[in-house]
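Visitor: Here's my sequence, what's the structure:
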Amino acid sequence: MELWWYDCSARALKSTYRNWTRPLFTAAAMNDVDLNQLVPGDLAATSDGVHIMVYLGQGQWLEADPDLEKVYRGQVPVENEWFNVPVQIIRWKQLETPKD
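Guide: Sure, this is the predicted structure:
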């Protein structure tokens, strides 16, 4: 709830927004991401920090596509332009598995 209250940009999420996120790795494109490294809820921010996508699991991503003017659910590989730009994969710290 606090995230929605304060609102944030893809750029802020990429930069460990309020110390709530952690960068995992970068990829040349979302279509190239190794899905075995992801958990549902992980984020992909475009390298320019203007667009964000959420991993749903089983190869599916959710994004609000400005060109389509709607929320788009895509299964990789996708022919959508946002899936073919460099991204940084980010994880909410709350989704991390505690280390013993």
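Visitor: Only C-alpha atoms from now on, for both contacts and neighbour counts.
Guide: Fine.
Visitor: right, and residue 72 touches residue 64 too?
Guide: Yes: here residue 72 reaches residue 64: they are 6.0 Å apart, a contact under Cα atoms under 8 Å.
Visitor: how about the helices in this structure?
Guide: 2-6, 10-14 (DSSP state H).
Visitor: hey, least reliable of these by pLDDT?
Guide: Here the helices of the chain differ in mean pLDDT, and the lowest is helix 2-6 at a mean of 51.
Visitor: Low-confidence stretches in the protein?
Guide: 1-8, 99-100 (pLDDT under 70).
Visitor: Strands of that one, start to end?
Guide: 21-27, 43-46, 52-57, 60-65, 70-75, 87-92 (DSSP state E).
Visitor: residues of the fourth one that come out buried?
Guide: Within strand 60-65, the residues that qualify as buried by neighbour count (16 or more other Cα atoms under 10 Å) are 60, 61, 62, 63, 65.
Visitor: Next, the angle strand 70-75 makes with it.
Guide: Orientation of strand 60-65 against strand 70-75 (axes from the mean of the first three to the mean of the last three Cα atoms, to 10 degrees) gives an angle of 160 degrees.
Visitor: The third one too?
Guide: If you take the same axes, to 10 degrees, strand 52-57 sits at 40 degrees to strand 70-75.
Visitor: May I have the strands that pair with strand 52-57, each with its orientation?
Guide: strand 43-46 (antiparallel), strand 60-65 (antiparallel) (DSSP bridges).
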